[in-house]
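[1] output the structure for:
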Amino acid sequence: MPYTVDFKNVSTVGLESSPVADALAGLRANEARYYKNKYDHDFTVTPAADAPDVVEYVNNILSTERDLVIASKPIEVSAFEVDGLRMTYVFYESGLSINVMYALEDGGKRAVGFKLSDGMDVPEELASRFKFARQKSKLAGTIRGSYFVIKGEY
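    Numbering: from 1, shown residues only. As a prediction, this is how the structure comes out:
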């Protein structure tokens with residue numbers, strides 16, 4: 001069942017299985033606010049079990065580009081197009097959020113972003129391979145993030 005994320009009244013709906021559900025809900029709301037303010041897009045999520053193709057798309061990019069496999073269970077996904085970009089999100093039980101920004105136009109920006117919910121440890125599979133910068137968010141507390149540029153075609 002799709003859920004439109006409300007960034008004014010942050011809710012843990014769909015994220016209850018996460019040990020950092022409140023922080024992950026804040027991170028998800030932070031993303032929803034960004035897309036609403038920048039693109040007037042309502043950020044909607046679906047249970048990962050209802051959209052295995054979205055999880056597989058992200059897994060394929062991670063595996064092909066960086067030989068990465070995320071250990072945590074995916075619990076929610078979002079996939080949409082806005083302003084010439086295909087955006088794909090996977091929210092994991094650990095509190096990790098991965099987004100894939102893929103410009104539809106050749107030569108456009110294409111990258112994978114990682115964001116860590118406040119209070120979670122850096123996942124072992126990412127710890128030695130990425131440095132995480134910190135940013136403050138009213139909705140999510142301290143977000144730690146990193147990214148890499150996608151080289152292939154997906």
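[2] residue 32: how many residues sit nearby?
    Per other CB atoms under 10 Å, the neighbour tally for residue 32 reads 23. Yep, even glycine has a C-beta here, placed from its N, CA and C like the rest.
[3] what about residue 18, neighbour count?
    Using other CB under 10 Å, residue 18 has 24 neighbouring residues.
[4] who's in contact with residue 33?
    7, 139 (CB atoms under 8 Å, 6 or more residues apart in numbering).
[5] SS state for it?
    Secondary structure, DSSP: H, G, I helix; E, B strand; the rest coil: residue 33 is helix.
[6] mind jotting down where the strands sit in this protein?
    For the chain, applying DSSP state E gives strands covering 3-4, 44-47, 74-82, 85-92, 96-103, 110-116, 133-137, 141-149.
[7] give the pairing partners of the lowest-mean-pLDDT helix or strand in the chain; include direction for each.
    Here the helix or strand of the chain ranked lowest by mean pLDDT, DSSP states H and E is strand 133-137, holding a mean of 84. Within its sheet, and counting by DSSP bridges, strand 133-137 is paired with strand 141-149 (antiparallel).
[8] now what about the least confident helix or strand of the chain, what contacts it?
    Applying CB under 8 Å, 6+ apart, the contact partners of strand 133-137 are 26-27, 30, 142-146.
[9] doesn't residue 102 make contact with residue 65?
    No. Using CB atoms under 8 Å, residue 65 is not in contact with residue 102, being 11.9 Å away.
[10] between the two, which is the more surrounded one?
    residue 102 (19 against 15).
[11] how much space separates the nearest residue to that one once chain neighbours are set aside from residue 17?
    Leaving out its chain neighbours, the residue that sits closest to residue 102 by CB to CB, 6 or more residues apart in numbering is residue 86, at 4.4 Å. As judged by CB to CB, to the nearest Å, residue 86 and residue 17 stand 28 Å apart.
[12] and for residue 121?
    Between residue 121 and residue 17 the distance is 17 Å, computed by CB to CB.
[13] kindly report the same for residue 127.
    Going from residue 127 to residue 17 by CB to CB gives 23 Å.
[14] just residue 106 next, same as before
    Separation of residue 106 from residue 17 (CB to CB): 40 Å.
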